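make a model of this:
(2 chains)
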Protein chains: 2
Amino acid sequence: MTTRICVLCGGVGAARMLRAMTSVIDPARIDAVVNTGDDTVMHGLHISPDIDTVIYTVANAIDPDRGWGLIDETWRAVEALGRYAATRPDTSMAGATWFGLGDADLATHMYRTGRLAEGARLTTVTDEIRRAWDVAVRVLPMSDEPSPTEVTLGGDHTGQRVAFQDYFVRLRHEVPVTDIHLGAADVSATPEVCEAIDAAELVIIAPSNPLVSIGPVMAVNGVRERLEQRRDTVVAVSPLVDGAALKGPAADMMRDAGLRSDAAGVAALYAPVAATMVIDTVDADLADDVRAAGCNSVITDTVMADPQVAARLAQVCVDAAVNRR
Amino acid sequence: MTTRICVLCGGVGAARMLRAMTSVIDPARIDAVVNTGDDTVMHGLHISPDIDTVIYTVANAIDPDRGWGLIDETWRAVEALGRYAATRPDTSMAGATWFGLGDADLATHMYRTGRLAEGARLTTVTDEIRRAWDVAVRVLPMSDEPSPTEVTLGGDHTGQRVAFQDYFVRLRHEVPVTDIHLGAADVSATPEVCEAIDAAELVIIAPSNPLVSIGPVMAVNGVRERLEQRRDTVVAVSPLVDGAALKGPAADMMRDAGLRSDAAGVAALYAPVAATMVIDTVDADLADDVRAAGCNSVITDTVMADPQVAARLAQVCVDAAVNRR
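Model (predicted):
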């Protein structure tokens, strides 16, 4: 096969799947379209958390325990930043140390920020960064335009609308979310993203949060309609296993949104764009519900605990889509 | 004495003198007005080299060997930045590693950048930073407005006009300068700077580069006329000793500008604004030339090799101005 495969990605789960795919497919044939709804500017630096997680993971430079950031990282800059917390005004975010910025990781943000300031597109800069890490997978931000995801909080923070990282990192996603606002809905996919989807023989929706990771990717102008038109060759991997996410708040957010917080709930979201959903072996009893929600189901181990499982999952996704052609 | 002393400052030489002054004068009585013509934005971060040198030095946190940056510094971020140099376009400054950005030092630039992005004035942010370092000297940027110093180069670079740090750090000030362009001439001194000069019993011009460190401070709208009106109580310390600067390109730049590259040349520049010039013992034979240029001369050791000499120099400056009242 010399055809291309396009993978819609959030952060950690998608990155692990991508890395596994590179063991069964020539990485140069893979286009990763990555969520930038989590992007933020902190201390003047443009940070693209999902893009960095994807690149660092495929480069085998990710910290395996944290799942984000670089291995063998040091934290001198962010520790030194703590000095300024005491003197800044209460309302200021400057000097905030809750966002994990490792010293070596900072270089990526500094380079990205410098290039964007020179007028380069995020797509161009991302390509430069993945090449610097010898990543053969093509990594494409979903859009070059800022498209911030924000959430309205419940619980003790009822009614507060905050930036995604504020909820996700500062509040450790421990607060209910009553509404999700996708800046992505107001921007366009890049030409590269549209071409990647059009050129792909298969599109895989990685096991990422359907609402705040894949949601933004599908919301950018140009993506959803392309997927709908080719849903037979779109395969989604459920990020929920036994009703829970391996990492992150996906299950809670689904529940807060009034959706089923299991693979069938995910299928209901993806059915218009994906004919097939890969669900975990432990969720075999959900196959009928997944089908009722509108997706064929393929059952396999999806918890990428070791490289063999991950590689098999990648192969199953490829086969599933190929079988639908 | 409960009166205030105002010190016009560049970087290293001024910072050492200020630190010495705090041993003979209550630091809370000192206002340091600092050059920001060297300020630059690199990788999206707002860097104020002279302000940081002043604050770190007075806080006894400066690296004593380098004379800039923090002691016990690490360099992981800037080393990691090197990875990106290979993939960036030739014309790009992003990923440039020639500007020394230590990991802990980065926190200062990140904090400053974050606060400026929130709309804070550089004066406010600088005050927050010096307080975070427990520096009792009040540190005032000469202006809140960008006022970049640029130089036109000679030699192998004839005709090139570059940013100051490009000349000073990247080219290691080894290239002749045929012209100096002070962005400071187009901006105004802050109200705090004007008040500090007006309120000071004595103004001291620190031993910094007259053309590119003190030059910008005097060029901002509001400073020079204030000094001219009170020149009897303004004392300058010659940064040139035996016709050479202790550090930096002051002597070469004076020569390139067609000026005498010694204490008498400095006196010719400062005579309109300073009645008195402190010159080094080794330059005692220049006293007549200094007087001919328009300044009274006071002769003492000005090379701040140890704290005692520095403290004595500080005391001589104070006395010299007091004696002129």
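
tell me which stretches of the stretch 1-150 of chain A form helices.
Per DSSP state H, counting those that start in this stretch, the stretch 1-150 of chain A carries helices over the ranges A:12-21, A:49-58, A:76-85, A:103-117, A:122-132.

which among those is found nearest to A:Gly155?
The closest of those to A:Gly155 is helix A:49-58. By Cβ to Cβ, the value is 23.9 Å. To be clear about C-beta, it is placed using only N, CA and C from the backbone, and glycine gets the same treatment.

okay, the angle between the closest one and helix A:122-132?
Interaxial angle of helix A:49-58 relative to helix A:122-132 (axes from the mean of the first three to the mean of the last three Cα atoms, to 10 degrees): 20 degrees.

what packs against helix A:49-58?
If you count contacts as 3 or more Cβ pairs under 8 Å, 6 or more residues apart in numbering or on different chains; DSSP states H and E, helix A:49-58 packs onto helix A:12-21, strand A:30-34, helix A:122-132, strand A:138-141.

coming back round to it: B:Val237: which of the helices of the stretch 1-150 of chain A is closest?
Judging these by Cβ to Cβ, what sits closest to B:Val237 is helix A:76-85, at 31.5 Å.

list the buried residues of stretch A:190-202.
Neighbour-count burial for stretch A:190-202, with 16 or more other Cβ atoms under 10 Å in any protein chain shown as criterion, is recorded at A:Thr190, A:Glu192, A:Val193, A:Cys194, A:Ala196, A:Ile197, A:Ala200, A:Glu201, A:Leu202.

lowest mean pLDDT across the helices and strands packed on helix A:49-58, which one is that?
Among the helices and strands packed on helix A:49-58, helix A:12-21 carries the lowest mean pLDDT, a mean of 93.

what does that helix rub up against?
The contact list for helix A:12-21 (Cβ atoms under 8 Å, 6 or more residues apart in numbering or on different chains) reads A:5, A:7-9, A:27, A:30, A:32, A:34, A:50, A:53-54, A:56-58, A:60, A:62, A:67-68, A:137, A:204, A:206-208, A:213, A:237, A:239, A:246-248, A:304, A:307, A:310-311, A:313-314, A:317-318.

so for stretch A:137-157, first residue to last residue, what's the gap.
40 Å (Cα to Cα, to the nearest Å).

same thing with stretch A:275-288?
Stretch A:275-288 end-to-end distance (Cα to Cα) = 14 Å.

same check on stretch A:122-141?
Termini of stretch A:122-141 sit 7 Å apart (Cα to Cα).

check stretch A:141-153 too.
The first-to-last residue distance of stretch A:141-153 comes to 27 Å (Cα to Cα).

how far does that stretch sit from the chain's center?
Centre-to-centre, stretch A:141-153 and its host chain are 12 Å apart (Cα atoms, centre = their mean, to the nearest Å).

for stretch A:21-35, same thing?
14 Å.

thinking again about what came up before, point out the most buried one among the helices and strands packed on helix A:49-58.
strand A:30-34 (a mean of 27; mean count of other Cβ atoms under 10 Å in any protein chain shown).

in its sheet, what does that one sit against?
strand A:4-9 (parallel), strand A:138-141 (parallel) (DSSP bridges).

buried residues, the first one. List them.
Of the residues in strand A:4-9, those scored as buried under the neighbour-count criterion (16+ other Cβ under 10 Å) are A:Arg4, A:Ile5, A:Cys6, A:Val7, A:Leu8, A:Cys9.

of the residues you listed, closest to chain B?
Nearest to chain B among the buried residues of strand A:4-9: A:Cys9, at 21.4 Å, using Cβ to the nearest Cβ.

who's that closest one bridged to?
Here A:Cys9, judged by DSSP bridges, has bridge partners A:Val34.

shouldn't it be in contact with A:Pro207?
No. In this structure, A:Cys9 is not within contact of A:Pro207 by Cβ atoms under 8 Å, at 9.8 Å.

any low-confidence regions in chain A?
A:1-2, A:321-325 (pLDDT under 70).

can we see that at 50?
A:1 (pLDDT under 50).

and for it, the residue most distant from the center?
Going by Cα atoms, centre = their mean, the residue of chain A most distant from its centre is A:Thr87, 35.8 Å out.

contacting residues around that one?
B:Glu128, B:Ile129, B:Arg131, B:Ala132.

show me which of the residues you listed neighbour chain A.
B:Glu128, B:Ile129, B:Arg131, B:Ala132 (Cβ under 8 Å from any Cβ of the partner chain).

re the thing from before, quick one: closest of the helices and strands packed on helix A:49-58 to B:Thr276.
helix A:122-132 (54.4 Å).

what helices and strands are in contact with that closest one?
For helix A:122-132, the packing partners by 3+ Cβ pairs under 8 Å, 6+ apart are helix A:49-58, helix A:103-117, strand A:138-141, helix B:76-85.

quick one: closest of those to A:Ala292.
Here helix A:49-58 is closest among the helices and strands packed on helix A:122-132 (Cβ to Cβ), at 31.4 Å.

hey, C-alpha coordinates of the closest one in PDB?
Only the C-alpha atoms of helix A:49-58 are listed here, as PDB (Å, rounded to 0.1, in the frame of the first residue of the first chain):
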ATOM      1  CA  PRO A  49      -0.100  21.000  24.200                       C
ATOM      2  CA  ASP A  50      -1.600  18.400  21.900                       C
ATOM      3  CA  ILE A  51       0.900  19.100  19.000                       C
ATOM      4  CA  ASP A  52       3.800  18.800  21.400                       C
ATOM      5  CA  THR A  53       2.500  15.600  23.000                       C
ATOM      6  CA  VAL A  54       2.100  14.100  19.600                       C
ATOM      7  CA  ILE A  55       5.500  15.100  18.400                       C
ATOM      8  CA  TYR A  56       7.400  14.200  21.600                       C
ATOM      9  CA  THR A  57       5.600  10.800  21.800                       C
ATOM     10  CA  VAL A  58       6.300   9.800  18.200                       C
END
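
show me what that helix is in contact with.
Here helix A:49-58 has contacts from A:9-12, A:14-16, A:18-19, A:22, A:27, A:32, A:34-36, A:38-40, A:62, A:67-70, A:105, A:108, A:126, A:129-130, A:133, A:135, A:137, A:139, A:141, A:165, A:213, using Cβ under 8 Å, 6+ apart.

which SS class is the residue in the stretch 201-325 of chain A that chain B sits nearest to?
Closest approach of the stretch 201-325 of chain A to chain B (Cβ to the nearest Cβ) occurs at A:Pro216, with a separation of 23.5 Å. Look at A:Pro216: counting by DSSP: H, G, I helix; E, B strand; the rest coil, its state is helix.

repeat for A:Glu225
A:Glu225 ends up helix, using three-state DSSP.

what about it, neighbour count?
11 (other Cβ atoms under 10 Å in any protein chain shown).

can you check A:Ala28 too?
11.

swap in A:Pro64?
Residues near A:Pro64, counting by other Cβ under 10 Å: 8.

centre of the chain to stretch A:156-173, how far?
18 Å.

meant to ask about stretch A:260-270, not that
That offset, for stretch A:260-270, works out to 17 Å (Cα atoms, centre = their mean).

in contact with the residue nearest to A:Asn221 when sequence neighbours are not counted, which residues?
Leaving aside its sequence neighbours, A:Asn221 sits nearest to A:Ser188 (Cβ to Cβ, 6 or more residues apart in numbering or on different chains; 4.3 Å). By Cβ under 8 Å, 6+ apart, A:Ser188 lies in contact with A:Ser143, A:Glu145, A:Val220, A:Asn221, A:Gly222.

swap in A:Asn35?
Counted by Cβ under 8 Å, 6+ apart, A:Asn35 has contacts A:Cys9, A:Gly10, A:Gly11, A:Asp50, A:Met142, A:Ser208, A:Ser213, A:Ile214, A:Pro216, A:Val217.
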